[in-house]
Structures are given as C-alpha cells and as structure tokens.
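*Asks:* I'll drop the sequence and a predicted model, then ask my questions.
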Amino acid sequence: AQSVTQPDIHITVSEGASLELRCNYSYGATPYLFWYVQSPGQGLQLLLKYFSGDTLVQGIKGFEAEFKRSQSSFNLRKPSVHWSDAAEYFCAVGASGYSTLTFGKGTMLLVSP
Amino acid sequence: NAGVTQTPKFQVLKTGQSMTLQCAQDMNHNSMYWYRQDPGMGLRLIYYSASEGTTDKGEVPNGYNVSRLNKREFSLRLESAAPSQTSVYFCASSDRGSYNSPLHFGNGTRLTVT
C-alpha cells in the first residue's frame, strides 16, 4: 500500500527566510505527487503536482518541489517566506491502480516576524 | 467561480440524531469524495464516487452513507450521530480518478456531536 510521511508536525520560520517542508512516500512505481495548502477555516488548495518529466516543479505562490526517486522524497521549498504563507501543508501521493490519493498528516507552518 | 460548495458550514447534533451534508460541484467533474479531518490524523477518506452511479467505501466508512444524486451532487448522511463523528468534513471533486487528477475541495462542514 502507498503511504506518505511528513516528519515535521510544526515548523516555525522567520519571515523572509527560506522554507523546506519534507515529504517521503512509499510506493514501488512512479507515483503522482501533490502538495496542498490549507489556510485556517478553508479547504485544501493545490500548490503543485508532479506526474513525470522534470523533477523540479513550480507551483503557485512561489513554491517549488523536487522529486528525488532515490530518496523517495518530494520536498516543498520556498526561497523567502511571507507571513501569509502561515498555513497547514499536506503532501499526497497517488498511483496507478489506486482509486484515491493518500495524504500525509500535514505540517503546520508558523511564520514569525 | 463556485467550484465545490458544501452546506451547512457548521452543525451541532445530539448523539443519535441524523443529518445529511450536502455537496455540489459545478466543474463537470466525474469523481467526488468525502473526507474527514481530525487533529493529528490528516485527511481520511470516508466514501468516494468515481463516476455518476457508483460509490465505494474509503478508509473510514462506518457510521456513514452516501448518495451520488447526479453528476453534480454527492451527499453524506449520518444516520445516528456519535461523538466520535465530531470532525471537519470536506467534499472534493476531480475530473477523473484522483490518482492522476488534482482534487478540488470545498470549504468544509464543522460538525460537533454532543
């Protein structure tokens, strides 16, 4: 079965500093990988996705993620964090043969002044 | 741009009461989903409908029923609410099977069962 691990429950970053949120997945073949963001009181919004091709993918709001097959990782990065980026971030994996996505438990990002 | 609309936004029930959560999407998507979100548990799939006329159980279906009323609407019913069903419920839709199609989420229904 596929699984997703987000090792960090909470992360605090200073405004203007860089950000990296970790995501590790478990699946034998090439997965379909997603990052979602959830602002307080809102539903989840897609930030970016990886299906194939270039392993560095760009998303909305200045986010990017890099797929590393050798490490089974799909870490989310942003060069300079803004206060409005404070939210919960979810990594998700999908795979051919499975009907639904599997979500990680999420990482809460706090941005300090 | 309505996207995925969920009603109600908030609901308080007493143990044993029933209710139906409504969800509608206007993106002509084929697949629809119901998730629940609990602190520290992430999102867990309750039921999904891959296409109109079909429904399947997800990870945590016990205590719930669903109806895919038509292509646009997918409702979730709690027949006899229990405190363990206190949660935030999200409806989502996707163009096709979600493993390769992004999910579009509603803003959630916050349910408290006392």
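*Replies:* It's in.
*Asks:* okay, now residue 84: neighbour count?
*Replies:* Picked chain A for this. A:S84 has 10 neighbours, counted by other CB atoms under 10 Å in any protein chain shown. Glycine gets a C-beta too; all of them are placed from N, C-alpha and C.
*Asks:* switch to chain B, please.
*Replies:* Neighbour tally, B:S84, other CB under 10 Å: 10.
*Asks:* so it lies in a strand, does it not?
*Replies:* No: B:S84: not assigned to a strand; according to DSSP: H, G, I helix; E, B strand; the rest coil it is helix.
*Asks:* and it, what's its pLDDT?
*Replies:* At B:S84, the model reports a pLDDT of 96.
*Asks:* which ones are touching residue 103?
*Replies:* I went with chain A, as the question did not name one. Going by CB atoms under 8 Å, 6 or more residues apart in numbering or on different chains, A:F103 touches A:V4, A:Y36, A:F90, A:C91, A:A92, B:G42, B:L43.
*Asks:* wait, chain B was what I had in mind.
*Replies:* A:Y36, A:L44, A:L46, A:L101, B:Y33, B:A92, B:S93, B:S94.
*Asks:* among these, which are located in strands?
*Replies:* Judged by DSSP state E, the contacts of B:L103 include A:Y36, A:L44, A:L46, B:Y33, B:A92, B:S93, B:S94 as members of strands.
*Asks:* what about the fifth one, distance to B:C23?
*Replies:* I take that to be B:A92. Going from B:A92 to B:C23 by CB to CB, to the nearest Å gives 9 Å.
*Asks:* common neighbours of the two, please.
*Replies:* Here B:A92 and B:C23 have B:V4, B:M32, B:W34, B:G106 as joint contacts, going by CB under 8 Å, 6+ apart.
*Asks:* and chain A, which of those contact it?
*Replies:* For chain A, the contacts drawn from the shared contacts of B:A92 and B:C23 by CB under 8 Å from any CB of the partner chain are B:V4, B:G106.
*Asks:* which of the shared contacts of B:A92 and B:C23 has the most neighbours?
*Replies:* Most neighbours among these, by other CB under 10 Å: B:M32, with 30 neighbours.
*Asks:* next, the closest residue to that residue other than its chain neighbours: secondary structure please.
*Replies:* Sequence neighbours aside, B:F74 is the residue nearest to B:M32 in space, at 3.9 Å (criterion: CB to CB, 6 or more residues apart in numbering or on different chains). Using three-state DSSP, the structure places B:F74 in strand.
*Asks:* any idea how far B:F74 lies from chain A?
*Replies:* 14 Å (CB to the nearest CB, to the nearest Å).
*Asks:* contacts only, for that residue.
*Replies:* Here B:F74 is in contact with B:C23, B:M32, B:Y33, B:W34, B:S49, B:V66, B:S67, B:R68, B:C91, B:S93 (CB under 8 Å, 6+ apart).
*Asks:* what's across from A:L44 in the sheet?
*Replies:* Beta-bridge partners recorded for A:L44 (DSSP bridges): A:Q38.
*Asks:* quick one, what contacts it?
*Replies:* A:L44 is in contact with A:Y36, A:V37, A:Q38, A:F90, B:L43, B:F90, B:A92, B:L103, B:F105, counting by CB under 8 Å, 6+ apart.
*Asks:* for it, report the pLDDT, please.
*Replies:* 94.
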